[in-house]
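**Q** Kindly generate the corresponding structure for this input.
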Amino acid sequence: MGDNDLRRGVISLFHDSTISGHLGITKTTQLITQYYQWPGLKHYITEYIKGCTACQMTKTNMNPNKPPLNPIMAEPDALPFQTIAMDFIVKLPESNGYDMILMIIDHDCTKAAIFLSCRETIDSEGVAQLYVTHVFPHYGIPQKIFSD
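**A** Numbers count the residues shown, from 1 in each chain. Below you'll find the model as predicted:
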């Protein structure tokens, strides 16, 4: 047990010092081997540095997890407004009692957009009513709706 404490102390002197400043495994090993040797030296240094909080916080992740991309593919032979995207343009100055715009965009066929004035207090029923009034009579019910 005492040997492990002694080894940890030596590694700490060379790795944690304010002068050398948390060197990596190779440089810390090179510094220590100028003065000390013991069996499994590289293993002890590696484990110490892997457990060093300061090193782990500043270490660059060389293999970041990248979520798979699932592109939204256009349907072949799609009809207008069969697949739509809906979003709001918010924080607009009030005009004629409205302060927001609902955008309904045809995703697959024409890329056309319909802009409908509304208020920021609108709820899902209000959005549905705007759709039924302004879009449904011309294009019917969409197959897919994309929205955030």
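**Q** what's the spacing between the worst-scoring helix or strand of the chain on mean pLDDT and its chain's center?
**A** When the helices and strands of the chain are scored by mean pLDDT, DSSP states H and E, helix 53-58 comes last with a mean of 80. Mean-position distance between helix 53-58 and its chain equals 21 Å (C-alpha atoms, centre = their mean, to the nearest Å).
**Q** who's in contact with it?
**A** With C-beta atoms under 8 Å, 6 or more residues apart in numbering as the test, helix 53-58 has contacts from 16, 22, 49-50. Every residue, glycine included, has its C-beta placed from N, CA and C.
**Q** And those, which of them are buried?
**A** Buried members of the contacts of helix 53-58, scored by 16 or more other C-beta atoms under 10 Å, are 16, 22, 49.
**Q** for the second one, what are its contacts?
**A** In this structure, His22 makes contact with 15-16, 52, 54-55, 58, judged by C-beta under 8 Å, 6+ apart.
**Q** rewinding a little: kindly reformat the contacts of helix 53-58 as JSON lines containing pLDDT.
**A** Below are these laid out as JSON lines (pLDDT from 0 to 100):
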{"residue": "Asp16", "pLDDT": "83"}
{"residue": "His22", "pLDDT": "79"}
{"residue": "Ile49", "pLDDT": "86"}
{"residue": "Lys50", "pLDDT": "87"}
